[in-house]
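[1] here is my input, please return the structure:
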Amino acid sequence: MTSLCKNQAVLLLFLISSPLLHSHLFTHAASTSPPITRPRILFMTGLGSDDDYSDDYLDDHSSPPEVPSPVRIPVLNREARLCPYNPCLENQEPCANLAVQSGCLCPGLSGADQPPHAPRIQALLPISEGDDRGKVEVQWCAPSSVVSGYRVVVEGTDGDALEFGDALRRGSLTSLEVGTKVCVVAVNNAGHSSPSEFSCNRYDPPESSEHNVFAWVISGGVALLLLVVITSLILWKQNMCQRGKRDSTDGLGNPSYSTEGTL
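    Residues are numbered from 1 along each chain as shown. Sure thing, here's the model as predicted:
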């Protein structure tokens, strides 16, 4: 009986002291277990700005990671325009210089290591004034190539071709017969251009103003002569009709009149 009471007393004492034991064990477990950390969410509203990082991120790191800056694409605010370069005018400033000065665009050119394209003949005109009167002027336009000079070849001539500088667009030739073929050839260090249908032309001089005036004079004279002849015929016909009427009237007014004589 005494031992049973002792056992009950020990059990009661153990139950009373158990909350302290549980508290000690929980505290020990909490101190020995690793801390639980939760991942932090970073909100970024843009790239390349230091103000876009949250305060928590700056607390945990001494410096933010390097973010590549966005690539900037240049925007053309003005429309591209061609350079004021006319390949048919001579002694012009090179188009490459104009492009550097104003940022304009030049037409594409074949390189100096390639034979040039054929130029284009613009006109073959007779010269009527000045010291070269009686000669023929040939005019051409430059090709889209690097050119060091030009040659003008006349069909049927045994002499050397006439040579002109790269900045020139015209040259004078001796008097040509109608139908003579003339070709313009572009030259550079790589070679020369090949003749084409637009780099060659046959001389066909336009009619001069003197010829036109002479033709008008002849036409006017012929027209005036025809008018005089027609007017003369009309007047002669009218005169013949009036004479016939007058003769018939005189015969009816005189009864003794007869075409066979007097009665």
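[2] going forward, measure contacts between C-alpha atoms and count neighbours the same way
    Fine.
[3] A strand includes residue 100, no?
    No. Per DSSP: H, G, I helix; E, B strand; the rest coil, residue 100 lies outside any strand segment and is helix.
[4] now it: how far from residue 86?
    From residue 100 across to residue 86, the span is 17 Å (Cα to Cα, to the nearest Å).
[5] quick one: contacts for residue 80?
    Counting by Cα atoms under 8 Å, 6 or more residues apart in numbering, residue 80 touches 104, 105.
[6] so what touches stretch 84-93?
    Outside stretch 84-93, the residues that reach it (Cα under 8 Å, 6+ apart) are 95, 140, 141, 142, 143, 167, 168, 169, 170.
[7] all strands for this structure, in order.
    Remark: strands assigned in the chain by DSSP state E are 120-126, 136-141, 149-154, 162-165, 170-173, 181-188, 191-192, 200-202.
[8] strands paired with the last one, and their directions?
    Neighbouring strands of strand 200-202 in its sheet, by DSSP bridges, are strand 181-188 (antiparallel).
[9] average pLDDT for the partner strand, rounded please.
    Strand 181-188 carries an average pLDDT of 95.
[10] just the angle between that strand and strand 120-126, please?
    If you take axes from the mean of the first three to the mean of the last three Cα atoms, to 10 degrees, strand 181-188 sits at 130 degrees to strand 120-126.
[11] residues contacting strand 181-188, please?
    112, 115-121, 140, 143, 146-155, 192-195, 199-203.
[12] equivalent analysis for stretch 110-129, please.
    Residues outside stretch 110-129 that contact it (Cα under 8 Å, 6+ apart) are 133-147, 183-196, 198-201, 203-206.
[13] now the buried members of the residues you listed.
    By neighbour count, with 16 or more other Cα atoms under 10 Å, those hold 135-147, 183-188, 192-193, 195, 199-201, 203-204 as buried.
[14] low-confidence stretches in the stretch 1-150 of the chain?
    1-79 (pLDDT under 70).
[15] next one: the stretch 151-263 of the chain
    For the stretch 151-263 of the chain, the stretches with pLDDT under 70 are 159, 208-214, 247-263.
[16] please enumerate the helices of the protein.
    Assigned helices in the chain, in chain order: 2-32, 55-60, 95-102, 209-253 (criterion: DSSP state H).
[17] which helices and strands does the longest one pack with?
    Using 3 or more Cα pairs under 8 Å, 6 or more residues apart in numbering; DSSP states H and E as the contact criterion, helix 209-253 has no neighbours among helices and strands.
[18] ok, the nearest residue to residue 119 once chain neighbours are set aside - contacts?
    Take residue 119 and drop its neighbours on the chain: the residue closest to it by Cα to Cα, 6 or more residues apart in numbering is residue 143, 4.8 Å away. The contact partners of residue 143, by Cα under 8 Å, 6+ apart, come to 87, 116, 117, 118, 119, 120, 186.
[19] check residue 81 too.
    Contact partners of residue 81, counting by Cα under 8 Å, 6+ apart, are 104, 105.
[20] quick one: closest of the strands of the chain to residue 236.
    Comparison of the strands of the chain against residue 236 by Cα to Cα identifies strand 120-126 as nearest, at 52.1 Å.
[21] let me know the angle separating that closest one from strand 136-141.
    Using the same axes, to 10 degrees: strand 120-126 against strand 136-141 is 160 degrees.
[22] neighbouring strands - and their directions - for strand 120-126?
    Strand pairing for strand 120-126, using DSSP bridges, gives strand 136-141 (antiparallel).
[23] send me the strand it pairs with as CSV with only the CA atoms.
    Provided in CSV are the C-alpha atoms of strand 136-141 (Å, rounded to 0.1, in the frame of the first residue of the first chain):
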residue,chain,number,x,y,z
VAL,A,136,29.5,68.6,-135.7
GLU,A,137,29.2,68.6,-131.9
VAL,A,138,28.7,65.2,-130.1
GLN,A,139,27.1,65.2,-126.6
TRP,A,140,27.0,62.3,-124.2
CYS,A,141,26.1,61.3,-120.7
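[24] residues making contact with that strand?
    Strand 136-141 is contacted from outside by 87-89, 119-127, 169-176, 184, using Cα under 8 Å, 6+ apart.
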